[in-house]
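Undergrad: Need coordinates for the following:
(one chain, ligands or ions: 1)
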Amino acid sequence: MPPPPHGREATLLPADAPGGPGQGQQHRPGPDSTAYMCPYCEAVLSNPAAAQCESCLRPLPQQGTPVLRVQFPTGELKVSVGQHLVLGRDAGQSPVAATFTQYDNVSRRHSTVWLDPSGTAWVRDEGSTNGTFVNGERLPRGVEAPLRDGDQLRLAADVTGTVQLT
Ligand SMILES: [Zn+2]
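TA: Reported below is the predicted structural model:
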């Protein structure tokens, strides 16, 4: 008789391993800093921006400059710190107009997204005809609203992008 396989337990992932189903839909209570762990020893980092892990003393990967991405069905938009990106259907108004040309209900100059130096992402409706929505809520014209990782940014009725903030 062959021995029963013992190798399986060792390959089991922890239940809370990142990338599992439902990840990104959850909104945990408490400060975000608790989510930062050392990638080597998994100690919780009190200062995620520190140069090294205070537990294992290995150098930590530096965040570098943050980048905002918005993933639309027709393309991914990327915004760097300091860049203001106009979203719209008119190539004269928006450098990413090709992403939206097929949507008749998107305004020629619809909304603007940008990333400030602190790493906060923002969106502002530019007086669009059919509205700019964050997680289903319509923004008043001209009001600056913060965007968080995982937010759904919608232009008009049917152009929805997922916000990625890294
Ligand atoms: Zn460590």
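Undergrad: okay but residue 38 is in contact with residue 58, surely?
TA: Yes. At 7.3 Å, residue 38 and residue 58 qualify as touching, with contact defined as C-beta atoms under 8 Å. Heads up, the C-betas are built off the backbone N, CA and C, glycines and all.
Undergrad: So for those two, which residue has more residues nearby?
TA: residue 38 (19 against 12; other C-beta atoms under 10 Å).
Undergrad: Roughly how far does that one sit from residue 44?
TA: Shown here: residue 38 relative to residue 44, a distance of 8 Å by C-beta to C-beta, to the nearest Å.
Undergrad: Check which residues of stretch 126-142 are buried.
TA: Within stretch 126-142, the residues that qualify as buried by neighbour count (16 or more other C-beta atoms under 10 Å) are 126, 128, 130, 131, 132, 133, 134, 139.
Undergrad: any idea of the mean pLDDT in it?
TA: On average, the pLDDT along stretch 126-142 is 97.
Undergrad: Now do the domain split for the protein, please.
TA: By the assignment in automatic domain parsing, the chain contains the domains 31-63, 67-165.
Undergrad: Kindly report the residues of the protein close to the ion.
TA: Taking C-beta under 5 Å from the ion, the part of the chain that reaches the ion is made up of 38, 40, 41, 43, 53, 55, 56.
Undergrad: need the contact list for the second one.
TA: Translated: residue 40. Residue 40 makes contact with 53, 56, 58 under the criterion C-beta atoms under 8 Å, 6 or more residues apart in numbering.
Undergrad: what do you get for the first one?
TA: With contact set as C-beta under 8 Å, 6+ apart, residue 38 has these partners: 44, 45, 53, 55, 56, 58, 60.
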